[in-house]
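Chemist: make a model of this:
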Amino acid sequence: MIKLINVNKYYQSGSEKIHVIRNLNYTFPNTGLIFILGPSGSGKSTLLNLLGGLDQADSGQIIIEDRDLATFSKRELNYYLNSYLGFVFQEYNILKDLNLKANIKLSLELQGKKSKDAKKLVENIINEVELTGLEKRKVNQLSGGQKQRIAIARALVKNPSLIIADEPTGNLDSETSTKIFELFKKLSKDRLIIIVTHDEESATLYGDDILRIDTASTDDDENFSTSTVDDLNASVTNQVFQANQLELKKAKTPYNTIFKLAFKNMWQKRLRYILMFVISIISLVFLSFTIELNGDKLYQNVYTTVNNNVNYVDVYQYHPNNYDIKNDFYAKYNKGSLMDNAYNIIKNISRDIHIHKYQDVSLNYAGYNIEKENFLFSGKINTLIYFDKTNVYNLISGTLPKNNEPEILITDYLVDALKYFGVFDTNTNVYNILNKQLNVGLDTNFKIVGVVKTNYQKWAYLVRQGIGYEIDPYDKSLQSF
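Modeler: Numbering: from 1, shown residues only. I've put the predicted structure just below:
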């Protein structure tokens, strides 16, 4: 049994407070077809929302099987909607991606019904609402009346004690509306059905009772009088916290139902999803490209150099006086010292290539008294390279330096330069130069333990051309560089 006791509902519209439902008292029967009539804006749909637990009354009580609806927890309201109550909407609200049978079966899946049991119940309901033979029809293949029957069947298949319908025939013609009301009448023999409508003629013809709501007081219903409201309130209050006759079933959507609905939705709109996927990929590519353009230019420059088969390149970090850094991003990499940990950072992100850390020096090993000019040999050591055991060194002779020992590697170029300037005997070769001491201008002399091959002799070709020679890119003699 459902009772409304002094139910009031207000809505705020700007500064005005609208009293939509006024002191509504009514007792609904356990079974039957009850119509709610009234002009637009009188609160008919609001009352259905209150009965459905979608909204709360500002005062009064709505008693559902001896329990005050206001005392329901959120979980209990979900169970109430899932088992006790069935909704039928004016707009049908059926899923377009499912066929007729699947739409009806969905209500049972939410209750956790087994597939075999659900199949039998769905077949019985389809027969009861006169939709036999249309089980596999898609929603877009059905008429308005058939769609409304699906909505009714979906509410009915749960076997609810209460079905509420908001303007169920509002979008149907008169002939189809008559059939829908006749169906509601038949179904109301063993359950309570509450219908909101403007069709007073049908309400009078099919309804077991009519609850009229208007903008004035609705206390004139004969089931309750103003004088008995207080007594009824007291009576119900004593019953609310006693034996609970309301049986609620848990609402839980199985994972297979979730995946099935998701897959069907995606399949029905596969072209749209494919297009969205392609657009997303293109967007990510452009995003990645943008990030690369604005990312670590130092890292990119190193890899660009290696990928273009350039064997030697200097990497600098430029720290200007902020005069051109805003206009030219690459300006900061023109010249200067890198930060202290730059070498380790570059090594970590470039493990597959060999990077050397060096220091600019100016050591005149030839001596200032030797006045010889040569395009290939300058007579100075301009660079000291720090030994890193993680790099590969192409040794012509000797071994790699030991840790914490004053040992160095020199290049074949430096061997020839040292011989040219007379620092070592002209008969010295890459083998007998090993273990000789070399003063590089530091506190300690270093022992030469190995010679690194550079193939610098290839560049001797340029000596014959003189300073200012412009290299011909089609010169075959340079193609092996």
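
Chemist: excluding its backbone neighbours, what's nearest residue 356?
Modeler: residue 385 (5.0 Å; CB to CB, 6 or more residues apart in numbering). Placement of C-beta: from N, CA and C, glycine included.

Chemist: the one you found: neighbour count?
Modeler: 15 (other CB atoms under 10 Å).

Chemist: quick check: it touching residue 355?
Modeler: No - if you go by CB atoms under 8 Å, residue 385 and residue 355 don't touch, sitting 10.7 Å apart.

Chemist: re the thing from before, just list whatever residues bridge to the residue nearest to residue 356.
Modeler: Residue 385 forms beta bridges with residue 358, as assigned by DSSP bridges.

Chemist: where does pLDDT dip in the stretch 301-450 of the chain?
Modeler: The stretch 301-450 of the chain contains residues with pLDDT under 70 at 301-339, 367-376, 440-441.

Chemist: repeat that with 80
Modeler: Across the stretch 301-450 of the chain, the ranges flagged by pLDDT under 80 are 301-343, 345-356, 358-383, 439-443.

Chemist: what sits against residue 199?
Modeler: 169, 177 (CB atoms under 8 Å, 6 or more residues apart in numbering).

Chemist: look up how far residue 190 lies from it.
Modeler: 24 Å (CB to CB, to the nearest Å).

Chemist: check residue 420 too.
Modeler: 114 Å.

Chemist: again, but for residue 157
Modeler: For residue 157, the distance to residue 190 - CB to CB - is 14 Å.

Chemist: residue 144 contacts residue 171, correct?
Modeler: Yes - assessed by CB under 8 Å, residue 144 is found in contact with residue 171 at 5.8 Å.

Chemist: tell me the mean pLDDT for the lengthiest helix in the chain?
Modeler: In the chain, taking DSSP state H as the definition, the longest helix is helix 270-293. Helix 270-293 shows a mean pLDDT of 84.

Chemist: swap in stretch 106-114?
Modeler: Here the average pLDDT along stretch 106-114 is 78.

Chemist: check contacts around residue 177.
Modeler: Residue 177 neighbours (CB under 8 Å, 6+ apart): 169, 199, 202.

Chemist: phi, psi for the second one please.
Modeler: Backbone torsions for residue 199, taken as degrees, to the nearest 10, come to phi -80, psi 90.

Chemist: got it, and the first one?
Modeler: Residue 169 has phi and psi values of phi -110, psi 20 when expressed as degrees, to the nearest 10.

Chemist: burial of it, as a residue count?
Modeler: Other residues close to residue 169 by other CB under 10 Å number 24.

Chemist: swap in the last one?
Modeler: Residue 202 is flanked by 21 other residues according to other CB under 10 Å.

Chemist: and the spatially closest residue to it that is not a sequence neighbour, helix, strand or coil?
Modeler: Of all residues not flanking residue 202 in the chain, residue 181 sits nearest, at 5.1 Å (CB to CB, 6+ apart). Secondary structure for residue 181, judged by DSSP: H, G, I helix; E, B strand; the rest coil, is helix.

Chemist: higher neighbour count, residue 157 and residue 190?
Modeler: residue 157 (24 against 10).

Chemist: how near is that one to residue 265?
Modeler: Residue 157 is 22 Å from residue 265, by CB to CB.

Chemist: need the CA coordinates for whichever strand or helix holds residue 447. CSV is fine.
Modeler: Using DSSP states H and E, residue 447 sits within strand 446-452. What follows is strand 446-452, C-alpha atoms only, in CSV (Å, rounded to 0.1, in the frame of the first residue of the first chain):
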residue,chain,number,x,y,z
PHE,A,446,101.5,11.5,-18.7
LYS,A,447,102.6,8.1,-20.0
ILE,A,448,101.4,7.3,-23.6
VAL,A,449,99.8,3.8,-23.4
GLY,A,450,97.9,3.7,-26.7
VAL,A,451,97.4,5.3,-30.1
VAL,A,452,94.0,5.9,-31.5
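
Chemist: flag every buried residue along it.
Modeler: For strand 446-452, burial by neighbour count (16 or more other CB atoms under 10 Å) applies to 446, 448, 449, 450, 451, 452.

Chemist: ok, now stretch 130-138?
Modeler: Buried residues in stretch 130-138, counted by 16+ other CB under 10 Å: 131, 134.

Chemist: measure that stretch end to end?
Modeler: Start-to-end span of stretch 130-138 (CA to CA, to the nearest Å) is 17 Å.

Chemist: I'd like the average pLDDT over it.
Modeler: Stretch 130-138 comes out at a mean pLDDT of 87.

Chemist: could you do stretch 171-190 as well?
Modeler: The model assigns stretch 171-190 a mean pLDDT of 88.

Chemist: got the buried residues for that stretch?
Modeler: 172, 176, 177, 178, 180, 181, 183, 184, 185, 187, 188.

Chemist: just give the nearest non-adjacent residue to residue 118, would you?
Modeler: Among residues not flanking residue 118 along the chain, residue 108 sits closest, at 4.1 Å (CB to CB, 6+ apart).

Chemist: meant to ask about residue 144
Modeler: Residue 144 sits nearest to residue 172 (CB to CB, 6+ apart), 5.3 Å away.

Chemist: check contacts around that neighbour.
Modeler: Contacts of residue 172 (CB under 8 Å, 6+ apart): 144, 145, 148, 180.

Chemist: any figure for the gap between it and residue 145?
Modeler: 6 Å.

Chemist: overlap in contacts of these two?
Modeler: Overlap of the contact sets of residue 172 and residue 145 (by CB under 8 Å, 6+ apart) consists of residue 180.

Chemist: next up, the contacts around residue 36.
Modeler: Counting by CB under 8 Å, 6+ apart, the residues that residue 36 touches are 44, 47, 48, 194, 195, 196, 197, 210, 211, 212, 213.

Chemist: residues touching the helix or strand encompassing the second one, excluding its own?
Modeler: Yep, that's residue 47 we're talking about. Residue 47 belongs to helix 44-51 when elements are defined using DSSP H and E. Residues from elsewhere that reach helix 44-51 (CB under 8 Å, 6+ apart): 2, 7, 9, 20-21, 24, 36-38, 55-57, 62, 69, 85, 162, 164, 166, 194, 196, 213.

Chemist: taking those, please make a ChimeraX selection of just the buried ones.
Modeler: Command for ChimeraX that selects the buried part of these, burial taken from 16+ other CB under 10 Å:
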select :2,7,9,20,21,24,36,37,38,57,62,69,85,162,164,166,194,196,213
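
Chemist: wait, residue 94 sits on residue 102?
Modeler: No - Residue 94 lies out of contact with residue 102 (CB under 8 Å); the separation is 9.9 Å.

Chemist: phi and psi next, for residue 21.
Modeler: phi -120, psi 130.

Chemist: likewise for residue 157?
Modeler: phi -60, psi -20.

Chemist: contacting residues for the nearest residue to it once chain neighbours are set aside?
Modeler: With sequence-adjacent residues excluded and distances taken as CB to CB, 6+ apart, residue 157 is closest to residue 125, at 4.6 Å. The neighbourhood of residue 125, defined by CB under 8 Å, 6+ apart, consists of 104, 153, 156, 157.
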